[in-house]
Every structure is written in structure tokens, then in C-alpha cells.
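Visitor: Sequence unavailable; structure follows:
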């Protein structure tokens, strides 16, 4: 659409349609290209002007009928019900309902669900590198939100292939567990409340299934300290770091190993944000900078690996907000490839996959005029209170990880 040649009515309608499409379905940005005439290039003799005024309008979202307990009763009656909350925006209403529901059924909240203080505690680490018994297979899987990080849970659900209902308002749903999910179009908190009311008369039956999951998770014998180097120390830092931060602190976790550490260390009251499923390591730091600019009165933390930090370092090419603190695991390369099985079998490929380097982030900080501090990672673990309470100033905190 070219606003210079279209009528005002046609242009307005086109913009309204773009905004509506961005609000319905999976919410996304509205991208409007504006064709400009400017005397920078040759061949332009006169400038055309677009007389376009966008009038305010009210967007009315689609109406969905309320979900009643009787609507879901037959689905859950005498069934082993599992609820999985994937990547999600913050929702205090959903959190309030989950607070009731978590006492009745096993709820698995992803690290990016904004509900990590609900449901089963430490479940991702509890499932790590373990064979989950068939007795824990759900007869009904209910999901909300988007994808999940946990490979252990994804592997089990792929194997079990339970009946799967996905609850949400968006027609676009994936099939991450190869279960061919049915879409139940409803507000998630509304469905969760109806689910609780339907389950309540049989709460003892459902609670037994939940307790069986809790027992299995608690039987995990290994701890994060038993991971191989450097994953053991990096996970320990994440554990003490998230525990030390005040509730509702906004924390951006880089893709790769960093967000996995967050998932393994369990429940947190922080708001965890991550670019999972978007574009790999690209944009992790830029997103944190944008969040800090948008929320100048809140402390914003970004924790990411050295490769991610260098890859997205152009994010620092701006006037950085003083409420942003960046923590970088400097372990000399993309160490996730030491963790996942494939690359480990071909060590000769390390130079091309892992890109091992020994960079000092002091030089990067000086380039962008950002305060730099460096700690051996064990020192950072031992002094986490001091690090978390550093004065409010944009800074790059380098964790040096070496044997």
C-alpha cells in the first residue's frame, strides 16, 4: 500500500487491518513500510506528500464463551492429568488459579512461563538424564503457552503420546510432542478454574498422581555440582544468583547453556525472559537493552555466554541505560558443544563448531564505555550478595571460568 496514492479511507483501513492481525492469532508486531521521497538519490525533482491522519479506534477482541466445570468433567474424570505451561507472558490471573490447582495435579512450568514459582519444584533437574517410568504417563496432557525447554520432558511425552489438549486463543499451535493436539479455544485462566472445579470432587485421586511425580523428582540423586566442568560452576552461579535477586526482578537469560541452568536450578520469583525459539543467540543482548530502556525504573539483568555476548555486542552501541547489568560467562568458547552429544564425538571439529577463544571482555567494555568488572567464577559465587547489590550503573560483569 502506498499512502501517497491511496485514499485516506483506504490507507486507514489497511493500517487498521495490520494492527488487528497483530493482535489476533499469536500476537506480533505490526510492521508498516512507509515509502519516502527524499532528495538523497538522483532523479527526484519534487517531493510528494502523504496527507494521512490515523484516527483513534477501539479494538474489540473476539468473545469466547466461559468454560464450565461440566465442560471438562468427562475429560478429567478418573484420569491422570498433567498440565504443562510453556513460554508465556506474565499473567497474575493465571498465576492465582495455578496456586489452587497446583495442590491437585502435577504442573510443569517452563523457565520462560512466568509461572516458575508454581507447580512442581525443581522438576527439570529431577528428570535430568533419567528414565521416567511408564507409571507416570499422563492419560490427559493439557498445555498452555508456547514451547518448553526441557529435553527430558519432551522426550518422555514424545514416547508416551498421550491424549493432548492445547488451551489458548490462537489458531496457530505446534505439535512439539507428536501428539496431534486438539485446540480448546478459551481464556487459559478460565479453563484452569473450570479444571480445578471439575477435579475438586476427586482431588485425592489426582493428588496421588501428583505425589508420585514429586517422589520421583525427589529421588534424583545427582546434583548440579556433579556436572562436568565448567557446567558445574556455571550452574552453581545461576543458582545463587537467582536466589539472591529480589522477586519480580527482570532477568534475560541467553540461549544455549545459560537458560538451561535457569531451568535446572528450579523455582524463582524473578521474571525470566529468553529468546527461545526466535533466532538462536542473535538478539539476546539487544532485547535486554531494549527492556532496560522501556523500564528505566526497574533493575534489568542479562546473563549470557561469551559467544552470545560478542555476537550481539552491537547492542551496546547506544547510550546504555543505567539500570542494565550484563553478566558474561567467559569460558573461552561455545561450550554447549561440549555438553550435547553430537559434537563431542568429533573433537577435531571443535575449531569450527565451538570456536574456542581466549578474549578479555575488558577491551569490549572500554570500546563501548561501559564499566567492567571481572571475577573468577568461584569468587563470584562466594560474593554473590555484593555483586547483586552493586550500585545502579550500567556495567559488564565478566565471570572468568578456567580450570
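Guide: Structure's in. What do you need? Every value quoted in this text rests on a predicted model; they were computed, and no experiment measured them.
Visitor: Pretty sure residue 217 sits against residue 130.
Guide: No. Assessed by C-beta atoms under 8 Å, residue 217 is found out of contact with residue 130, at 9.5 Å. For every residue, glycine as well, the C-beta is placed using N, CA and C.
Visitor: Would you mind confirming that residue 331 is in contact with residue 229?
Guide: No. Using C-beta under 8 Å, residue 331 is not in contact with residue 229; the gap is 9.2 Å.
Visitor: More neighbours: the two, which one.
Guide: Ranked by neighbour count (other C-beta atoms under 10 Å), residue 331 and residue 229 place residue 331 first, with 23 against 13.
Visitor: most centrally placed residue in this structure?
Guide: residue 112 (3.1 Å; C-alpha atoms, centre = their mean).
Visitor: Run through this protein and note the low-pLDDT ranges.
Guide: When residues are selected by pLDDT under 70, those of the chain lie in 1-9, 24-29, 32, 34-54, 61, 276-281, 334-346, 349-356, 403.
Visitor: If residue 271 is in a bridge, with which residues?
Guide: residue 250 (DSSP bridges).
Visitor: Which element, helix or strand, includes residue 13?
Guide: Taking DSSP states H and E as the criterion, residue 13 maps to helix 8-23.
Visitor: Can you list the buried residues in that helix?
Guide: Using 16 or more other C-beta atoms under 10 Å as the test for burial, helix 8-23 gives 11-12, 15.
Visitor: In contact with residue 200, which residues?
Guide: Residues in contact with residue 200 (C-beta atoms under 8 Å, 6 or more residues apart in numbering) are residue 104.
Visitor: ok so it is a strand residue?
Guide: No. Residue 200 is assigned helix when assessed by DSSP: H, G, I helix; E, B strand; the rest coil, not a strand.
Visitor: That one and residue 95, how far apart?
Guide: According to C-beta to C-beta, to the nearest Å, residue 200 stands 19 Å off from residue 95.
Visitor: hey, where'd the strands end up in the stretch 201-350 of the chain?
Guide: Ranges of strands in the stretch 201-350 of the chain, per DSSP state E, counting those that start in this stretch, are 250-253, 271-273, 300-305, 324-330.
Visitor: Compare these and give me the one nearest residue 104.
Guide: strand 271-273 (25.1 Å; C-beta to C-beta).
Visitor: tell me, how many neighbours does residue 332 end up with?
Guide: Neighbour tally, residue 332, other C-beta under 10 Å: 17.
Visitor: Kindly apply the preceding question to residue 313 instead.
Guide: The burial count for residue 313: 16, using other C-beta under 10 Å.
Visitor: need the contact list for the nearest residue to it once chain neighbours are set aside.
Guide: Using C-beta to C-beta, 6 or more residues apart in numbering and skipping residues adjacent in sequence, the residue nearest residue 313 is residue 364, 6.1 Å away. Counting by C-beta under 8 Å, 6+ apart, residue 364 touches 309-310, 313, 316, 396.
Visitor: of those residues, closest to residue 155?
Guide: Top of the list for closeness to residue 155, among the contacts of residue 364 and by C-beta to C-beta, is residue 309 at 30.4 Å.
Visitor: Give the burial count for that closest one, as a bare number.
Guide: 27.
Visitor: Please apply the same query to residue 60.
Guide: 7.
Visitor: where's it relative to residue 23, distance?
Guide: 10 Å.
Visitor: in the helix or strand encompassing residue 108, what's buried?
Guide: Taking DSSP H and E as the definition, residue 108 sits inside strand 107-109. Neighbour-count burial for strand 107-109, counted by 16+ other C-beta under 10 Å, picks out 107-109.
Visitor: so residue 22 touches residue 15, yeah?
Guide: No. Counting by C-beta under 8 Å, residue 22 stays clear of residue 15, with 10.8 Å between them.
Visitor: sorry, back to before: what helices and strands are in contact with whatever helix or strand comes next after the strand holding residue 108?
Guide: Scanning forward in sequence from strand 107-109 by DSSP H and E, the next helix or strand is helix 123-127. Under the contact definition 3 or more C-beta pairs under 8 Å, 6 or more residues apart in numbering; DSSP states H and E, helix 123-127 sits against helix 151-160, helix 203-218, helix 257-264.
Visitor: Understood, closing this out.
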